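Undergrad: just a sequence and a predicted model for now, questions to come.
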Amino acid sequence: MSTTDKILGSREDQFPCYDGRRCYTLTNAKTGKIEVKEATWFGSANDRYLGYIDDQGTFHQEGRGTEAETKWIRENHQQVINHSVTSSEEDLYENNNPHYGEPPGTTKGNLTKSENALANEENFKKNHSTSTEGFRETDEGKKAANFERQVEGRKQTIGRKKYGNHCYPITLRRSSQDRLRISVLEFMPKEFDKKNFGFAARGASTTADGKNIIKGRKHLGSVTLPVNQVTDANATKWGEDRMNAGQAALADIALAGLEDGMRDLAGVAGDYGKSGAENPALKEAAKQYFVGAATGVKGILARTTGEVINPNLELIFGGPQLRPFTFTYLLSPRDNKESQEILSIIRLFKQSMAPQTSGSNLFLKAPNTYKLEFLTQGSAGSPHRFLPKIKECALLSCNVNYTPNGTYMTYEDSSMVTYQMTLAFQELDPIYNADYGNLDGGTDTDIGF
C-alpha cells in the first residue's frame, strides 16, 4: 500500500490469528490507530474488519469481529502490535518513501531487511534531520521513530540471518576434489493450491548451472565437506490387504449407487442376489459365516469342510516415504585457522536446526532447512551426475562426539584434537516419478534421486 495516504501495512503481509485464520494490520501513521482485518478467500473487498488497537495498546471490537476473536486479540495484542510495526516498516521501505531513505540492497549482520535499513548510516542521517522540513518532525516521522524503538526491543528474539560459508578441510576450497555442499535456507511453508485441491510446490529446484540454490529462497550460509560415504534408500509403502467375496460385492454395490444412482444400485444388487441363489458353494459359505457370527465361534467352515473363505489377499500401494540421509565426519584441525573453521561448522548446524522464537513468544518458528548437493569439477560446483540428487531436507539431529578416540585431548588453544560429527537429515517432500523427467527431460543423463 502506498505511504502517501498515511496508512501503512499490506494485505499481503499476514499473520496467523484466532483459529488459524490469516489476519493483517493497517496502521494510521498520523493517529497510531491499528486496524485488524481477516484476509478471506474471496479477495480484499470481502475481508472482515475485526476492530482496532488505539495508541495506548487497547483493542476495541468493531465491524464483524466475534467475541472469541476479540478475546484472542486482547490476549495477544503485543504480537499484533509487533506485526504492525514490521509491516509498516516494510511498507515505508518497499514503496521508497522519499523522506525515509532508499531500501538497502543487502543485509548486515543478523538483521532483517527492515532492521538493516534502520541501522544504515545514510538512512539514519536522513531520518534524523533537524531541519524544519525534516521528515522526523512530521507526525509520520514521529510514528516511524516509535517503530524503531519497538524494533530495537525485538532484535534479541530474531533468528540468525547469516551463518557464513565454511569449508573443511580449508584446502578443499582450492582443490578439484568432489564435494558435498550443505546450504542453509530459510524455511518456506507450502501454500494452498486451490485449483488442484492440494499444495503448491515449496520452491523451484536448482538451475542447470547450479548457481541459484532455490528460486526465491534466502541463502543463509553453507558448509562444504569432502564426499566420504554416500548411500540412499528409496522406499515406497506397500501393505497386505484382504477383501472376501461378501465385502467385494458390497463395495461394488455401493460404488454403483454413488456413480449411477439408486436405479443402477438396485440392478447390481439384484445381479448379486441371483448369482448367490444359483451358487451352492456361496450358499454354504454364507450359512457357515452367519452361524459363526451368531455363536461367536471362529473357523467353523475350516473345521467342518477344511476350507476358508478366499480373502483375495493382495499387496496394496500405501503411499510414498520420505528418505533419510546420514553423514558422519571426523574433523581434525591442523592449525588454529582450521580449528576455528570446525567450531563455526558445528555451531552452524546446531544453531540453524534449533526452533526460532517469535517477538511475543506465543509462537515458535520452524528451524532452517537445508539443500544438499554433491558437486564435482572443483569449486565451480557442477552437479554430480553419478551421485543422487536430494530434495530440501530438515536436520533431525546433530550429534557431536568430542572424544571419539576415547581420550580427552586438546591443543594449546583448548581445541579438541578430533571431533566426530553425525548429521541425520530427512527430505521434506517425497520423490515422484515425474521428478526424474523434470531433472533431465527423460534423457537418462543423470542418476536422478
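TA: Cool, got the structure. The model shown is predicted, which means the values in this text are computed figures rather than measured ones.

Undergrad: can you give me the helices in the protein?
TA: Using DSSP state H, the helices assigned to the chain run over residues 67-75, 77-94, 113-119, 121-127, 139-154, 245-260, 262-278, 280-295, 300-305, 336-352, 433-440.

Undergrad: for the third one, the averaged confidence score.
TA: Same thing as helix 113-119. When pLDDT is averaged along helix 113-119, the result is 43.

Undergrad: next, the buried residues of stretch 398-415.
TA: C398, P404, S415 (16 or more other CB atoms under 10 Å). Heads up, the C-betas are built off the backbone N, CA and C, glycines and all.

Undergrad: so what's the residue lying closest to the second one once chain neighbours are set aside bridging to?
TA: Think P404. Counting by CB to CB, 6 or more residues apart in numbering, Q420 is the residue found nearest to P404 once chain neighbours are left out, at 3.8 Å. Note on Q420: beta-bridge partners by DSSP bridges are L330, N401.

Undergrad: can you give me every residue that contacts T445?
TA: The contact partners of T445, by CB atoms under 8 Å, 6 or more residues apart in numbering, come to R385.

Undergrad: which phi and psi does it have?
TA: Here is the backbone geometry of T445 (degrees, to the nearest 10): phi -90, psi 0.

Undergrad: domain ranges for the protein?
TA: 3-157, 164-234+322-440, 243-312 (automatic domain parsing).

Undergrad: where are the low-confidence patches of the stretch 251-400 of the chain?
TA: 253-297, 300-301, 359-361, 377-381 (pLDDT under 70).

Undergrad: whoops, I mixed them up, the stretch 1-150 of the chain
TA: For the stretch 1-150 of the chain, the ranges with pLDDT under 70 are 1-5, 20, 41-42, 92-150.

Undergrad: again, 50 this time
TA: 1-4, 96-137, 149-150 (pLDDT under 50).

Undergrad: for F192, which non-adjacent residue is closest in space?
TA: Nearest non-adjacent residue to F192 (CB to CB, 6+ apart): F199, at 6.3 Å.

Undergrad: same deal with L423?
TA: Distances taken as CB to CB, 6+ apart place F327 nearest to L423, at 4.9 Å, with adjacent residues excluded.

Undergrad: next up, the contacts around that neighbour.
TA: Taking CB under 8 Å, 6+ apart, we find F327 in contact with L180, L225, N228, Q229, T422, L423, F425.

Undergrad: same check on V400?
TA: So V400 contacts I346, Y419, Q420, M421, T422 (CB under 8 Å, 6+ apart).

Undergrad: check E240 too.
TA: L313, E314, L315, I316.

Undergrad: what's across from R48 in the sheet?
TA: E38.

Undergrad: count of neighbours near it?
TA: Each residue near R48 was counted by other CB atoms under 10 Å, and the total is 16.

Undergrad: ok, now E338?
TA: 18.

Undergrad: how many other residues sit next to the nearest residue to it once chain neighbours are set aside?
TA: In space, not counting the residues next to it along the chain, E338 is nearest to I170; the distance is 5.4 Å by CB to CB, 6+ apart. Other residues within reach of I170, judged by other CB under 10 Å, total 15.

Undergrad: for the spatially closest residue to I34 that is not a sequence neighbour, list the residues it contacts.
TA: Using CB to CB, 6+ apart and skipping the chain neighbours, the partner closest in space to I34 is I53 (4.2 Å). By CB under 8 Å, 6+ apart, the residues touching I53 are K33, I34, V36, F59, H60, I73, H77, V80, I81, S84.

Undergrad: so the fourth one makes contact with T70?
TA: Yes: under the contact definition of CB atoms under 8 Å, F59 touches T70, with a separation of 7.0 Å.

Undergrad: which neighbours do these two share?
TA: Joint contacts of F59 and T70 (CB under 8 Å, 6+ apart) are G51.

Undergrad: quick check on the two: which one has the bigger neighbour count.
TA: Each of F59 and T70 has its neighbours counted (other CB under 10 Å); F59 has more, 23 against 18.

Undergrad: check contacts around the more buried one.
TA: Taking CB under 8 Å, 6+ apart as the criterion, F59 is in contact with V36, G51, Y52, I53, T70, I73, R74, H77, V80.

Undergrad: wait, isn't the fifth one in contact with G63?
TA: Spelled out, that is T70. No: between T70 and G63 there is no contact under CB under 8 Å: 10.7 Å.

Undergrad: find the residues that touch each one of the two.
TA: By CB under 8 Å, 6+ apart, T70 and G63 have these common neighbours: L50, G51.

Undergrad: just the CA trace of stretch 429-442, in PDB.
TA: C-alpha atoms of stretch 429-442 as PDB (Å, rounded to 0.1, in the frame of the first residue of the first chain):
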ATOM      1  CA  ASP A 429       8.900 -34.000   0.300                       C
ATOM      2  CA  PRO A 430       8.700 -37.400  -1.300                       C
ATOM      3  CA  ILE A 431      10.200 -38.400  -4.600                       C
ATOM      4  CA  TYR A 432       7.700 -38.800  -7.500                       C
ATOM      5  CA  ASN A 433       8.100 -40.500 -10.900                       C
ATOM      6  CA  ALA A 434       7.900 -37.100 -12.700                       C
ATOM      7  CA  ASP A 435      10.800 -35.700 -10.700                       C
ATOM      8  CA  TYR A 436      13.200 -37.800 -12.800                       C
ATOM      9  CA  GLY A 437      11.800 -36.400 -16.100                       C
ATOM     10  CA  ASN A 438      11.900 -32.900 -14.800                       C
ATOM     11  CA  LEU A 439      15.600 -33.300 -13.900                       C
ATOM     12  CA  ASP A 440      17.000 -34.200 -17.400                       C
ATOM     13  CA  GLY A 441      14.000 -34.400 -19.700                       C
ATOM     14  CA  GLY A 442      13.900 -38.200 -19.700                       C
END
